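Engineer: task: produce atomic coordinates for the following.
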Amino acid sequence: MFRNNLKIAWRSLWNKKAFSAINIFGLAIGLATCMLIMLFVQHELSYDNFNENADRLVRMTIHGSIGGKEINIAVAPAPAGPALKRDYPGVEAFTRIFREGTFIVKYGKEQFKEEGVAFVDSNFFKVFSLPLIEGSVVKAVIEPRTVVVSKSIAQKYFGKTDPIGKSLTLGTRGLFRVTGIAKDVPSNAHFHYGFFASMSSVELGQKWLSSGANTYLLLRKDFPADALTAKSGEIVKTYIGPEIQEFLGMSYEEYLRKGDKFSFKFQPVTDIHLHSDLENELEANGNIKYVYIFSFIAAFILLIACINFMNLSTAGSAGRAKEVGVRKVLGSEQQQLIRQFLIESVLLTFFAFVVALLIVVLVLPNFNQLAGKQFSLESVLNIRTISIAFVGCLIVGILAGSYPAFFLSAFRPIAVLKGNLQTVKSGWLRNTLVTIQFVVSIVMIVGTIVVYQQLRFIQDKEVGFNKDQVLILQDTYLLGDKAKTFKKELEALSQVNNITMAGYLPAGDSNNGVDGFLPENADNSVTPSRMKSYQIDENYLATLGIKLVAGRNFSKSFASDSAAILVNEAAVKQFGWTDAVGKRIATIGNGTPGSKRKYTVVGVIKDFHFKSMHETIAPLVVYFGEDNYQMALQIKTDDIPGLIKIVEKNWKAQTDNPFSYSFLDERFNQMYQSEQRVGQLFGIFATLAVVIACLGLFGLAAFTTIQRTKEIGVRKVLGASVFSIVALLSKDFVRLIIAAILIATPLAWYGMNQWLADFAYKIDIHWSVFALAGLLAVGVALLTVSYESMKAALMNPIKSLKTD
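Structural biologist: Numbers count the residues shown, from 1 in each chain. Coordinates of the predicted model:
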């Protein structure tokens, strides 16, 4: 019986090749999209689960507020790990990661710029599940100036030579002996390093209120993270309290009474990637919102594909109505017919599944580029993934085919043999399904428009500095004493307007710090203000086009400028000044003699976006000095490649270190790379949703046209025009789209406002966005149904009236 049903199913699909192809293609697109998105979602949710002790591993973070400024930092004080291990039995072990930006790594004649250099404690490879291919987990990085390299780094520098015992030069840190080779860090880890150097090679501060490292605690099984978090107040009072007295000259109780706060949290390591966006993260994390968004998109696109299947199957049912009637007259039971149609549904789904796999294989490289991932074919074409996808497709086939199966098998034989297919009233369900399809499509169209408008807003907004035609030379600290000579050579170039040696630039990798400031002679009732700070030279403002609103710029002509500062408008508001020039402030110091310094404000700079537009412009204090971390050149030339060649030639005359450069506008755009990817993915998925929805609409139009064939013939005989018939057949579909617009508008408005909430500076969603999305939906819908409508309207009425 099953074999017979399978043959009938195959013949049925083969006899309607075009209709089957549309059905298979629509379902395949939905399945392929769902598979790709779920591959992304599964990867995002799997971060750091590779660690054997992932359920007991937490990261220590700092939270609170000082002087009204919120602090949320991923770095914990250097002494925190050892102290908690010593004083709290629930802490089984601790380990730390300390990083210092980029390094020029040398081995023999080979040298490369590396960002993946970290300093770790000796037990790092015991706490984190990063197996060593060679070397001892216990002894690998216990001695000073030792380093473990990843497998890919070992191949990059040493080729087939055994690297154990060889020495690498890690920037200014000097020679490090290779003591081990580790497997490459998995892609689903919240950090990715190729060099793990011994922590004993660096000196970390021993104060709780000084800089530290990313600190991880391995808790005992009977000691949950919440239990340690509950002791945060006790930890702060014990260890931070005495230093508050030392630094601020007030007791911990006075500190709290003024409204300031300080606390520690202990974050499960598996939550870091999707639930953490703190200062000093080891690398850019993901966002759980995007996981939710793309999960919903996957579910809705698959839903749209299933709806299509139902509509296209029922649309084609008119041609099989007599077959069902004859089968029932000859004794077929409803259950046999249901089984027959479900087999057809599952067979069609199987073909769609095969096509979907082919689509996934073909588009995987492009998807990797869009999603910023590195999925391989093995991650898709493996037994586990294919089995899950196949079972899922089987369920989809049964669910998607259930309605057509029950619909077709419910035909009454007398009615269908007379040609009266309308005895089964099911139009409301098909209309509802098509409306749902277009609700999803319109929401995604609105989402695409809003994302692109926000990105355009970021591009066009006045950021307070000039990001165009600014060439950045990276790692100029490698020049050492030759940096000033190199700078003078570049200043002599006619293509260079201005040049500055800068530690910090408004985008990209930079040097900056955070200091606490108090107005001069402030008493203990005044809370220090925590502000960003960095050094600039006298050319910085001119090079970047940053404007002064009061006072003057730094100048070497004033010897007193060594104790001078510039502040931005936000800092002026923070201190409550009306006239900032001439005011004096003092740093809170670090508790050592002479660490507290006093400065005079000589100028106020106009607020500019020195951080991403996800954050409001914060108070900023700028010192006078030269930080040769990098150089920024304001250039005036159309021959940029030619200028770069000249600069590179001058660089190579000074050093054999690698020459690297970037442009400020490119670095600015990279800050919003995640949003750009979301915009691209939204656009692609919105297009797919509309295409699939139109296939469903086409099915409904075909079904309606078949049902009303005689009516159309009668109307033409009575003198109806082609236009009036097309309008008659189209108006019902337009009503569905209008209903979809009314439902989708509030949903899209709410969803996109939630997305925009992550930006401190954002657009207001204008009504025209919803109008445009609605017009697009109506236009596409009319184009879709016009084919069937025109075909029916142009049909010879004699032929129409002869239709059974």
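Engineer: which residue is nearest the centroid of the protein?
Structural biologist: Note on the chain: the residue nearest the mean C-alpha position is residue 674, at 4.2 Å, using C-alpha atoms, centre = their mean.
Engineer: in the host helix or strand of that one, which residues are buried?
Structural biologist: Assigned by DSSP states H and E, residue 674 falls within helix 673-707. Going by neighbour count (16 or more other C-beta atoms under 10 Å), the buried part of helix 673-707 is 675-676, 678-686, 688-706. Any C-beta I mention is one placed from the backbone N, CA and C, and that applies to glycine too.
Engineer: now the element after it, going C-ward?
Structural biologist: helix 709-717.
Engineer: stretch 773-791: how far from the chain's middle?
Structural biologist: Put simply, stretch 773-791 sits 35 Å off its chain's centre (C-alpha atoms, centre = their mean, to the nearest Å).
Engineer: pLDDT on stretch 743-751, on average?
Structural biologist: In this model, stretch 743-751 has a mean pLDDT of 92.
Engineer: try stretch 466-482
Structural biologist: Rounded mean pLDDT across stretch 466-482 is 87.
Engineer: one step back: who are the packing partners of the helix holding residue 674?
Structural biologist: helix 17-45, helix 288-315, helix 334-371, helix 427-460, helix 722-756, helix 767-794 (3 or more C-beta pairs under 8 Å, 6 or more residues apart in numbering; DSSP states H and E).
Engineer: and the angle for the longest one with helix 673-707?
Structural biologist: When you say that, I think you mean helix 334-371. Helix 334-371 and helix 673-707 are oriented at 150 degrees to each other (axes from the mean of the first three to the mean of the last three C-alpha atoms, to 10 degrees).
Engineer: immediately after helix 334-371, which helix or strand?
Structural biologist: Scanning forward in sequence from helix 334-371 by DSSP H and E, the next helix or strand is helix 377-380.
Engineer: so what does that next one touch, helix or strand wise?
Structural biologist: Helix 377-380 sits against helix 17-45, helix 334-371, with contacts defined as 3+ C-beta pairs under 8 Å, 6+ apart.
Engineer: what residues of the shortest one count as buried?
Structural biologist: It refers to helix 17-45. Of all the residues in helix 17-45, those buried under the rule 16+ other C-beta under 10 Å are 19-20, 22-41, 43-45.
Engineer: helices or strands next to it in the packing?
Structural biologist: Counting by 3+ C-beta pairs under 8 Å, 6+ apart, the packing neighbours recorded for helix 17-45 are helix 272-275, helix 288-315, helix 334-371, helix 377-380, helix 383-409, helix 673-707.
Engineer: and these as CSV, adding mean pLDDT and distance to residue 713?
Structural biologist: Shown next, in CSV, are the helices and strands packed on helix 17-45 (pLDDT from 0 to 100; distance: least, C-beta to C-beta, whole Å):
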stretch, mean pLDDT, distance to residue 713
helix 272-275, 92, 60
helix 288-315, 80, 20
helix 334-371, 81, 30
helix 377-380, 76, 52
helix 383-409, 74, 26
helix 673-707, 77, 12
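Engineer: mind putting the ones you listed in JSON lines, distance to residue 264 included?
Structural biologist: Below are the helices and strands packed on helix 17-45 laid out as JSON lines (distance: least, C-beta to C-beta, whole Å):
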{"stretch": "helix 272-275", "distance to residue 264": "16"}
{"stretch": "helix 288-315", "distance to residue 264": "23"}
{"stretch": "helix 334-371", "distance to residue 264": "34"}
{"stretch": "helix 377-380", "distance to residue 264": "38"}
{"stretch": "helix 383-409", "distance to residue 264": "40"}
{"stretch": "helix 673-707", "distance to residue 264": "28"}
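Engineer: who wins for proximity to residue 656 among those?
Structural biologist: Closest approach to residue 656 among these is made by helix 673-707 (32.3 Å; C-beta to C-beta).
Engineer: now do the closest one against helix 722-756, angle only.
Structural biologist: Computed by the same axes, to 10 degrees, the angle separating helix 673-707 from helix 722-756 equals 150 degrees.
Engineer: now do helix 673-707: distance to the chain's middle.
Structural biologist: Taking C-alpha atoms, centre = their mean, one finds the center of helix 673-707 at 24 Å from the center of the full chain.
Engineer: strands of the stretch 51-200 of the chain, residue ranges please.
Structural biologist: Counting by DSSP state E, counting those that start in this stretch, the stretch 51-200 of the chain has strands at residues 57-66, 69-73, 76-77, 91-99, 103-107, 110-114, 117-120, 132-134, 146-150, 167-170, 175-182, 195-198.
Engineer: and the ones you listed: which comes nearest residue 753?
Structural biologist: Short answer: strand 69-73, nearest of those by C-beta to C-beta, at 22.8 Å.
Engineer: name the helices or strands packed onto that closest one?
Structural biologist: Strand 69-73 packs on strand 57-66, strand 529-536, going by 3+ C-beta pairs under 8 Å, 6+ apart.
Engineer: switch the cut-off to 6 Å
Structural biologist: If contacts are counted by 3 or more C-beta pairs under 6 Å, 6 or more residues apart in numbering; DSSP states H and E, strand 69-73 sits against strand 57-66.
Engineer: flag every buried residue along the strand it packs on.
Structural biologist: For strand 57-66, the neighbour count (16+ other C-beta under 10 Å) marks 57-62, 64, 66 as buried.
Engineer: and for stretch 476-485?
Structural biologist: By neighbour count with 16+ other C-beta under 10 Å, stretch 476-485 contains the buried residues 476-479, 483.
Engineer: next step: the residues you listed restricted to strands.
Structural biologist: Of the buried residues of stretch 476-485, none are assigned to strands by DSSP state E.
Engineer: pLDDT below threshold where in the stretch 551-700 of the chain?
Structural biologist: Residue ranges of the stretch 551-700 of the chain with pLDDT under 70: 588-595, 699.
Engineer: next one: the stretch 151-300 of the chain
Structural biologist: 248-249, 259.
Engineer: any idea how far residue 475 is from residue 630?
Structural biologist: Here residue 475 is placed at a distance of 7 Å from residue 630 (C-beta to C-beta, to the nearest Å).
Engineer: helix or strand next in line after the strand or helix carrying residue 213, which one?
Structural biologist: Per DSSP H and E, residue 213 falls inside strand 212-219. From strand 212-219 onward toward the C-terminus, using DSSP H and E, the following helix or strand is helix 225-229.
Engineer: which residues touch that following helix?
Structural biologist: Residues from elsewhere that reach helix 225-229 (C-beta atoms under 6 Å, 6 or more residues apart in numbering): 58, 265-266.
Engineer: nice, that's everything, thank you.
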